[in-house]
Structure formats: C-alpha cells, structure tokens
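[1] sequence and predicted structure below; questions after.
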Amino acid sequence: MTPFGLDLDISVSIPLIWLSSLIVLILCYNYLVKEPWINLPPGPPALPLIGSLPFLGLDIREPLRRMSSRYGDVFTIYLGSKRVVVLNGYDVIKEAFVINERVFSGRPPIYLLRQITDGYGITSTHGSFWSEQRSHVMRVLHDFGFGRPELEERILDEIRFFVPELRKQINEPLDPQLVIQKSVANTMARITFGKRMNYNNPAFVNYLRMMNRSIELLGNNGIITLFPFLRYLPGDLFRIKRLRQDIQYLNSEYERLIEEHKLAVMYGQESADFITVYLNKINEEKDKQMTSFTEKQLRGIIMELFAAGSEGTSTTLTWAIIYMSLNQDIQSRCRAEIDAAIGRDEIPRMQHRPQLSFTEACIMETQRLADVVPLGIPHAATEDVSFRGYFIPKSTMILPNLYSVHMDPKLWPEPDHFKPERFLDDDGKVIRRAELIPFSVGGRLCLGESLAKMELFLYFSVMIQNFQFHLAPGYPVPDTQGKLALTNIPKPFHVLIESR
Ligand code: HEM
C-alpha cells in the first residue's frame, strides 16, 4: 500500500518512471539547447542527440514548408545538436544574403564536403582566403569568355558532338541523363584543361560515375555529417571508405593533369586553359611567404569546377526533357518559334535569344519548377547578428530554402504546374523576375551562373530544333518528384527521341 492508499503495480510504475524521466530529459535538453534567454528564431522541439530529425523525414522540402507556415519565415531546427536557422521566402533570403551579405556569407564546416575538397577550393572555404580565390577564379573564367561571346564558341563546339550522339539513340527508349552529363562535363574539360574526352572513353565514364556517387552521398548521408564518429564502425555502411577511394582516384587524375601542364609550360607548349593560367599565378606568388595560391588549391578548384560545372546544368537539361515530353503542346510551340526565327539548318546562337522569348520562358520555368538546388548550399553567420527581430549567434548554420521561393503560390499561382507564360508579358516578351533565384543571391551567388545560362539556352534550343521528345510507350510516365540529394535529381526514366 502506498502512502496515499493507492496500490501501484510495479510493472506499470517502472515504465511510468522511465517515461517521465524521458520527458524531463527532453524538456531540460530543449531548454539548454534552445537557450530561450537569447531570443533565437522559434522552431520545433529538439530531441536529445537527434534534434529535429524526426520532424524532417528523408525529403525535407515539404516538412520545411509546413514548419514555415507554423513558425514563420525565419525558424530554427536542430540537426543533432547543430543549430540551423532556415530562411524562407524571397524577401527574407534577399535581406540576409544581399542586404546583410558580409554577415551571412560564411560557410559552416560540412564533414562530407570537406572529405571531397580536403578543405580547399571555393565552396567550402570562407573569409579572406575564399574572397581572394573566388575573385581570381572569376577573373580567369572571365578571360576565358564567361559572360562574353567567346564562351559560346566553346559550348557550340561541344554541342556539335552532342547532337550526333543523341541521334544515334533515336526511336529507342532512352534515359538521357548520362549523355547530357558527358557533354556538359566536356565543356568544363575544354575550359579547365583544354581538351574534350570521347563519350565512349571508359575512364571518362568511370570518372563521371565516381563524381555522381560522391554528389549523391554528399546529399544523402546527412547522418554521417551529424555523427562523423559513425565512420569508425566496421564495414562501410555509410560508404565513406568508398567515397575516400573515389576522391583519391579523382585527385590523382587532377594531379596528373597538373603535372602534364607544368611540363608543357616548361617546354613552351602551354595551352590556353584554366590550369595553365592558374599555374602561372602560383609561379608569380612563389616567393611570397604567405599565399593562398598552391597546387592543392588548384586541385580543389578543378574538382569543384567539374562537379558543380556539370551537375547543375545537366540536371536542369534533363528536367527540361521531362517537362517537354509531358507537355507536347508547349514543346511544339517552342519548336515553331525556333523554326520561324532560325530555321532548321542554322545552329541557335545567343544572338537569337531576343527572338526566342517563349523558348527562354520554358528554360526559366524549368529552373523554377525543377528547383535543382532546392536548399542552396548552407551558409554560416560570420558574427552575432540581429535579424528580423531575432538573435542569431556567430557560426550558426544558415539554410536558404530556395524551394520556398520557387514554390510560393503568392509569386507563382499554381506553383506545381509547368507554365512558361509566367515569364512573358502581354506582348510575349520575356519578363526577368528577380524572384527566380536558382543560383542563389548575394556574394556567394553561383560562380558559374553566366556559363550555366548560356549552356541551358544553347543546349535546350538545339535539342528542340533537332529532336522531338515523347513519353516512351511501355515505360512509366517520368516522375516529376525528384530524388533529393545535394541536387534534385530526376529518378531514372525513359523517353523516346524522334529525329526531325
Ligand atoms: C543550372 C546550373 C547551376 C545551378 C542551378 C547552380 C546553383 C548553385 C547554387 C544554388 C550555389 C550556392 C550559392 C550559395 O552558396 O548561396 C552554387 C554555388 C557554386 N556554383 Fe553553381 N550552379 C550551377 C552551375 C554551375 C556551374 C556551371 C559552375 C562552374 C563553373 C558552378 C560553380 C559553382 C561554385 C564554384 C559555387 C560555390 C560558390 C562559392 O561558394 O562562393 N555552378 N551554385
């Protein structure tokens, strides 16, 4: 008998004690982790060790949308014990990344990204190292024609190989992802080391496979980012050993390329490519005691230019094929516009863009709806900051939810529908809407934006000019819900390509 005259069964009271201890633990943990005395943005509860993970699921886009309607445009989640402030909506992201650019342009340490870049390159660096390297790379790429017509020739040279390659596969069900990726990666190869690779070269195919695996792992393996110690478990459950082997192989390839270029420079046979120009800069800086220009840094940049330079563009083009196959009327309207402006024999060029408003609107709508990098790349606060009435401590991870912008029904009525007309005025001329931000905004804006835009226009209009894309009979209709890794990748699918 208990003091209150209640007869408690021991088998019931022990779970009760456990349950109440757990609740107390969670409440204490929440109190300590969420530090209510510093006015952080609100957010869902944080559980010990796993933080907000149970509220997020595998594809976090929709859960984040629901949280935003509950907690507002600026809210906090916890990945494990790591605090992350999520920014939603165009105005908020612009206010942080453009108006408060200096404070929000940091990069947090991301375990897997560091495994890939070894801490070098542009994407995972920050501060003065990052700004010096980013400005230099931008300058060199500008000299190679970024943002200028010279670049167009390099892209068209590659497209001249791409069209016959696609033509080989007409009238057969085809998943076009790999062939597009090979071609786009070749444009980057021409810029970086002055050569293209044969589409059937097994080393090239193997190289792309490794790169894809690394990108997929980077986006899918959040658990290892939260708990890096799990990599010590026996076996290779999280595929980290595999990743390391792949990266080691890729790095040795880049080192070989760098050595080849050094020899070429020595024998006066240098080619006009990114590696040569960067090596000259290393040479210029060699007597300085402190310099950020090193061969390791060059290796890191090559890795990034290839990965970032082929992934975003080829994924967007693949989505464009899916949307065209699903919307035959829109595809026909694009083709009619191209036929009227250019005909079938001349290759589309940037100078034709003003006459191809509907085609351009289709590319913009593809970028909006496919939302290829829906959560951008995380930033970090470089100092304590007050933002929208909240306090955000230094080093907090900042996640720009670009998906919340591109799927905002106030900006884009019926956001799930493919409607190129959103980007056209009453006279059928293109409207460039500031709220379309697939490359993000501010000081960390995608470094390859001008190359990507040119590639998207040239590849897309050439494909529509030369081929008709249909749903493949006997195959499932392509899924418009992508697989979210670092990028929003289409699930494997087949279309039928008809030559004109
Ligand atoms: C349609 C194609 C592409 C899309 C949608 C895209 C998107 C993005 C996004 C959202 C970011 C993150 C920006 C931020 O941190 O706020 C980014 C960064 C970056 N992108 Fe792209 N990108 C594309 C193509 C390219 C190309 C072609 C290149 C290579 C020339 C490239 C190189 C980079 C680099 C190096 C960064 C890191 C910039 C930094 O940290 O300062 N991207 N991109």
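    Sure, I can see it. Treat the numbers as computed from the prediction; the structure is a model and nothing was measured.

[2] need the contact list for the residue of the chain found nearest the ligand.
    When scored by Cβ to the nearest ligand atom, the chain has residue 448 as its residue closest to the ligand, at 2.1 Å. No exception for glycine: its C-beta is placed from N, CA and C like everyone else's. By Cβ atoms under 8 Å, 6 or more residues apart in numbering, the residues touching residue 448 are 141, 146, 305, 308-309, 312-313.

[3] same thing with residue 459?
    By Cβ under 8 Å, 6+ apart, residue 459 lies in contact with 155, 159, 162, 180, 183-184, 313, 317.

[4] so of the residues you listed, which ones are in helices?
    Those of the contacts of residue 459 mapping onto helices are 155, 159, 162, 180, 183-184, 313, 317, per DSSP state H.

[5] so which of those residues reach the ligand?
    Contacts with the ligand within those, counted by Cβ under 6 Å from any ligand atom: residue 313.

[6] looking at the ones in helices among the contacts of residue 459, which is nearest residue 269?
    residue 155 (25.5 Å; Cβ to Cβ).

[7] the host helix or strand of residue 62 - what's its average pLDDT?
    Here residue 62, judged by DSSP states H and E, is contained in helix 61-71. Mean pLDDT, helix 61-71: 93.

[8] could you do stretch 263-273 as well?
    pLDDT averaged over stretch 263-273 gives 83.

[9] need the contact partners of that stretch.
    Residues outside stretch 263-273 that contact it (Cβ under 8 Å, 6+ apart): 144, 190-194, 261, 276, 279-280.

[10] mind doing that once more with 10 Å?
    Under the contact criterion Cβ atoms under 10 Å, 6 or more residues apart in numbering, stretch 263-273 has outside partners 140, 143-144, 189-195, 257, 260-262, 275-277, 279-280, 283.

[11] enumerate the residues of this structure near the ligand.
    Applying Cβ under 6 Å from any ligand atom, we find that the chain lies next to the ligand at 122-123, 134, 304-305, 308-309, 312-313, 316, 372-373, 376-377, 438-440, 444, 446-448, 451-452.

[12] generate a ChimeraX selection restricted to the buried subset of those residues.
    In ChimeraX syntax, the buried subset of these is picked out as below (16 or more other Cβ atoms under 10 Å):
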select :122,123,134,304,305,308,309,312,313,316,372,373,376,377,438,439,440,444,446,447,448,451,452
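
[13] sitting in helices, which of the residues of the chain next to the ligand do you find?
    Secondary structure assignment (DSSP H) places 134, 304-305, 308-309, 312-313, 316, 451-452 from the residues of the chain next to the ligand within helices.

[14] quick one: buried residues of stretch 340-351?
    For stretch 340-351, the neighbour count (16+ other Cβ under 10 Å) marks 341-342, 348-349 as buried.

[15] that stretch: end-to-end distance?
    This stretch, stretch 340-351, spans 15 Å end to end (Cα to Cα, to the nearest Å).

[16] off-centre distance for it?
    Computed by Cα atoms, centre = their mean, to the nearest Å, the chain-centroid distance of stretch 340-351 equals 31 Å.

[17] as a whole number, average confidence for it?
    Over the span of stretch 340-351, the pLDDT mean works out to 95.

[18] run through who's touching that stretch.
    Outside stretch 340-351, the residues within contact range by Cβ under 10 Å, 6+ apart are 149, 151-153, 155-156, 159-160, 163, 335, 338, 352-357, 359, 453-454, 457-466, 500.

[19] buried subset of those residues?
    151-152, 155-156, 159, 163, 335, 338, 352-353, 356-357, 359, 453-454, 457-466.

[20] kindly reformat the buried residues of stretch 340-351 as TSV containing secondary structure and distance to residue 426.
    Listed next are these as TSV, based on DSSP: H, G, I helix; E, B strand; the rest coil; distance: Cβ to Cβ, whole Å:
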residue	secondary structure	distance to residue 426
341	helix	20
342	coil	25
348	coil	26
349	coil	28
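
[21] brilliant, that's me finished.
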